[in-house]
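Trainee: Dropping a prediction and its sequence here:
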Amino acid sequence: MRTHNPASWVMAKAKNFKIQAYSAKEVYKSDGTIGMEIGNTPEGTPVSSPIVEASYLQKRTRNHTNPSLTTSIRHCSEEEDVVALESEQSLHAEPSFPRRPLPSPSTHTDSFDYSTCPTIDNHTFLVPRNHNDTVTAAKEGMDDLHMSFKALVLRSPIMETGIKSDQPERNHSHSQRDNSPKVDFLSQLPYELATLITTFLDVETLSLCRAVSRAWSAVASDDTVWEHKFHQKSWQVTRRPPGRFSWRHLYSQRHLAAWSWRFGEERTTTITGHSDSVYCIQFDEDKLVSGSRDQTIRFWDYRKKIAYRSFRGHTGSVLCLQYDDRILVSGSSDTTIIIWDMQSGEKLKILSGHRAGVLDISFDNQYIVSCSKDSTIRVWDYNNFQLLRTLYGHLAAVNAIKLKDGVVVSASGDYYIKMWDLETGTCIRDFVGHKRGIACLQYDGNLIVSGSNDHTIKIWDARTGACLHTLEGHRDLVRTLYFDKEFVVSGSYDQSIRVWDVKTGECIRDYQLGHDSWVFNVAFNLGRIITASQDQSIKVWEMADGIETRWFT
């Protein structure tokens with residue numbers, strides 16, 4: 001005869017009754033049974049499987065703490081390997097079936113501490129003590145853990161209905177079913193195994209587990225569980241908070257930030273100080289750097305809206321810039337590139353060679369890459385600033401470039417996106433799909449996102465060249481964009497800023513008339529979006545105001 005151990009008892013073998021606890025509905029039948037309508041079935045169509053048919057249990061007990069609640073427990077035959085838990089509000093009218101009280105603890109042959117049993121809304125769930133080879137059983141049931149454990153914890157239809165197996169029930173006596181001692185199985189497991197099991201639960205269920213008992217709360221609050229849930233979302237920590245920190249708190253803050261981007265209210269501030277159009281920006285947690293048609297590069301404390309530093313050296317508009325801890329590189333309509341020392345502001349080198357305005361810059365710790373209106377791409381050495389090679393292939397101005405791991409992706413007015421290998425200087429692949437010239441582009445090693453004068457944004461698979469999504473909504477040239485693993489933010493000559501879901505292509509935010517004129521540049525991190533415009537202003541959009549976002553990518 002099969003014996004029930006705690007893990008298999010609670011897991012309830014979801015494969016045997018295959019039910020979605022949180023989406024099932026009761027369907028009353030003419031024979032007095034209750035079928036379960038699963039969320040995936042058509043509306044009003046009961047599931048025909050006898051495994052999800054249920055009749056009201058004949059053995060019920062009144063909950064003594066809250067008489068309006070009733071609890072039913074039915075032990076299944078050894079063939080069923082299923083346990084049904086029922087918890088529902090009793091109706092005003094008395095049910096037609098008999099009620100018999102659950103045997104009191106005094107009727108058990110062994111002493112039993114009911115305080116160790118999991119309790120939800122005054123319902124005590126009893127688990128057999130028979131737990132030989134618990135670890136093996138837990139591993140065997142791991143595939144079925146999520147659904148069946150959720151059935152135990154959540155107030156769901158599966159807890160409101162008995163479940164009848166397609167196997168005939170054995171006529172067990174009352175003493176056979178209820179006289180065995182009961183324990184809280186989770187508290188009996190080794191702590192490491194208990195935390196491992198809880199990592200398979202969703203966050204909603206984990207939060208409910210914390211309210212069951214002290215023992216369950218300790219397991220469900222364990223830092224290793226929440227660290228696992230954090231990384232399961234593919235979230236990243238830029239830098240760890242100093243001292244001891246809670247992964248549950250980090251998860252909470254990161255989750256709130258993601259929610260705020262979609263549904264929260266943003267707070268907007270405007271920074272002014274440039275005397276002409278602002279073409280380019282870059283920022284971090286400490287500073288904002290901008291380049292303008294007024295030929296200056298300015299450093300801002302964007303929280304205080306104060307400019308505290310300025311670089312002057314170009315004789316034309318500053319069209320693009322990028323900085324790291326060592327240098328700042330700027331490109332101008334005067335056809336030159338200037339390398340600045342970030343600490344002293346000194347000009348380290350002026351790079352000449354382009355025959356028209358320098359439209360974009362991208363560099364890492366090996367290469368500096370520039371593109372120009374002269375339709376060429378030039379590659380320079382990051383350390384000695386010497387020209388390494390010039391890439392030819394585009395038939396019009398190269399408006400945007402992005403360097404990542406020795407690969408450069410470029411976008412041009414000739415409608416083409418090209419991918420280049422910098423080691424060989426050869427073009428690896430063309431991306432064709434836009435119907436007009438391409439104004440902006442970003443690349444992260446896996447995805448390419450491009451914006452065009454055809455008013456669309458396209459998301460490409462960089463490895464295959466396939467177009468994954470076409471984002472439509474802007475009514476004019478898409479001049480600038482930026483993206484991460486969750487969002488694409490775009491700015492257009494229609495003066496709007498839009499936020500898109502990078503996975504689905506859905507537009508989730510649309511800020512019409514974000515500026516009074518064309519939007520030239522956007523950048524963002526988890527906490528804020530910063531935009532620059534022809535209207536001479538910079539706007540800061542606080543997307544997660546009051547949430548700790550400085551620790552996250």
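Mentor: Nice, I can see it.
Trainee: okay, CA-based contacts and neighbour counts for the rest of this
Mentor: Noted.
Trainee: Strands of the stretch 401-550 of the chain, start to end?
Mentor: In the stretch 401-550 of the chain, the segments counted as strands under DSSP state E, counting those that start in this stretch are 407-412, 417-421, 426-431, 438-443, 447-452, 456-461, 467-472, 478-483, 487-492, 497-501, 507-511, 519-524, 528-533, 537-542.
Trainee: What helices and strands are in contact with the top helix by length along the chain?
Mentor: Counting by DSSP state H, the longest helix found in the chain is helix 247-263. Applying 3 or more C-alpha pairs under 8 Å, 6 or more residues apart in numbering; DSSP states H and E, one finds that helix 247-263 makes contact with helix 223-232.
Trainee: Need the residues that contact the helix it packs on.
Mentor: Helix 223-232 has contacts (C-alpha atoms under 8 Å, 6 or more residues apart in numbering) with Thr195, Leu196, Thr198, Thr199, Val203, Ser246, Trp247, Arg248, Leu250, Tyr251.
Trainee: Quick one: buried ones out of those residues?
Mentor: For the contacts of helix 223-232, a burial check counting by 16 or more other C-alpha atoms under 10 Å picks out Thr195, Leu196, Thr198, Thr199, Trp247, Arg248, Leu250, Tyr251.
Trainee: Could you report the distance from Gly353 to Ser333?
Mentor: From Gly353 across to Ser333, the span is 13 Å (C-alpha to C-alpha, to the nearest Å).
Trainee: More neighbours: those two, which one.
Mentor: Using other C-alpha atoms under 10 Å as the criterion, Gly353 and Ser333 rank with Ser333 on top: 21 against 11.
Trainee: Roughly how far does that one sit from Ala356?
Mentor: 7 Å.
Trainee: What are the buried residues along stretch 212-228?
Mentor: Buried, per 16+ other C-alpha under 10 Å, within stretch 212-228: 212-213, 215-217, 219-227.
Trainee: With stretch 279-290 instead?
Mentor: Buried residues in stretch 279-290 (16+ other C-alpha under 10 Å): Tyr279, Cys280, Ile281, Gln282, Phe283, Leu288, Val289, Ser290.
Trainee: do the same with stretch 475-486
Mentor: Buried residues in stretch 475-486 (16+ other C-alpha under 10 Å): Asp476, Leu477, Val478, Arg479, Thr480, Leu481, Tyr482, Phe483, Asp484.
Trainee: Quote the end-to-end distance of that stretch.
Mentor: 24 Å.
Trainee: hang on, the earlier thing: contacts for whichever helix or strand comes after the longest helix of the chain?
Mentor: Tracing the chain past helix 247-263, the next element assigned as helix or strand by DSSP states H and E is strand 267-272. Strand 267-272 has contacts (C-alpha under 8 Å, 6+ apart) with Tyr302, Lys305, Ile306, Gln536, Ser537, Ile538, Lys539, Val540, Trp541, Glu542, Met543, Asp545.
Trainee: rerun that using 10 Å as the cut-off
Mentor: 278, 300-307, 514-515, 528-532, 535-545 (C-alpha atoms under 10 Å, 6 or more residues apart in numbering).
Trainee: Okay, now the sheet partners of it, with direction.
Mentor: Strand 267-272 has its sheet partners listed here by DSSP bridges as strand 537-542 (antiparallel).
Trainee: Only C-alpha atoms, please: export the strand it pairs with in PDB.
Mentor: The C-alpha trace of strand 537-542 is given here as PDB (Å, rounded to 0.1, in the frame of the first residue of the first chain):
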ATOM      1  CA  SER A 537      15.800  73.300 -23.300                       C
ATOM      2  CA  ILE A 538      16.600  70.000 -21.500                       C
ATOM      3  CA  LYS A 539      13.800  68.200 -19.800                       C
ATOM      4  CA  VAL A 540      14.100  65.700 -16.900                       C
ATOM      5  CA  TRP A 541      11.200  63.200 -16.600                       C
ATOM      6  CA  GLU A 542      11.300  61.500 -13.200                       C
END
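Trainee: number of nearby residues for the residue lying closest to Trp518 once chain neighbours are set aside?
Mentor: Using C-alpha to C-alpha, 6 or more residues apart in numbering and skipping the chain neighbours, the partner closest in space to Trp518 is Tyr493 (4.4 Å). Here the number of neighbours of Tyr493 (other C-alpha under 10 Å) works out to 22.
Trainee: ok, Tyr493 - contacts?
Mentor: With C-alpha under 10 Å, 6+ apart, Tyr493 has these contacts: 453, 455, 474-480, 515, 517-520, 533-534.
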